[in-house]
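1. Here is my input, please return the structure:
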Amino acid sequence: MKLMLRNTLIAAATLVAPVAAQADDFFSIGSCPVGCTAYTWSAGIADVINKNVEGVEVTAEETKGYVANINLLQAGELEASMATSLSSYEAWAATGPY
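-> Next up, the predicted model:
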């Protein structure tokens, strides 16, 4: 569990580094409906970043799910998103719902 948390925090810091360098002050992470694990993780990542990175406000955005997250990310409406490896692969390969 500690390894998963550490890796999640490293991934979150990597996502935010370019945003902090650009001095943007708002960054949203697409998740899933409130109550889902992905929303809990997104909210946790946002909280850690907000407490440790100056000048950046991160929020967890409630969405319709992983497929919607990737579509919103591709449309430029999200800066980052939670997604399963299968959804990510299908989007990369332009298969499935993409």
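2. Check what pLDDT residue 31 gets.
-> pLDDT, residue 31: 92.
3. again with residue 80
-> For residue 80, the model assigns a pLDDT of 90.
4. count of neighbours near it?
-> A count of nearby residues for residue 80, using other CB atoms under 10 Å, gives 21. Bear in mind the C-beta positions are built from the backbone N, C-alpha and C, glycine included.
5. do the same with the one 4 residues further on
-> For residue 84, the neighbour count with other CB under 10 Å is 14.
6. Next: residue 61.
-> For residue 61, the neighbour count with other CB under 10 Å is 20.
7. For it, which non-adjacent residue is closest in space?
-> Nearest residue to residue 61 in three dimensions, chain neighbours excluded: residue 28, at 4.6 Å (CB to CB, 6 or more residues apart in numbering).
8. Please, which helix or strand holds the one you found?
-> strand 26-30 (DSSP states H and E).
9. what pairs with that strand, and is each one parallel or antiparallel?
-> Take DSSP bridges as the rule and strand 26-30 pairs in its sheet with strand 57-61 (parallel), strand 80-81 (parallel).
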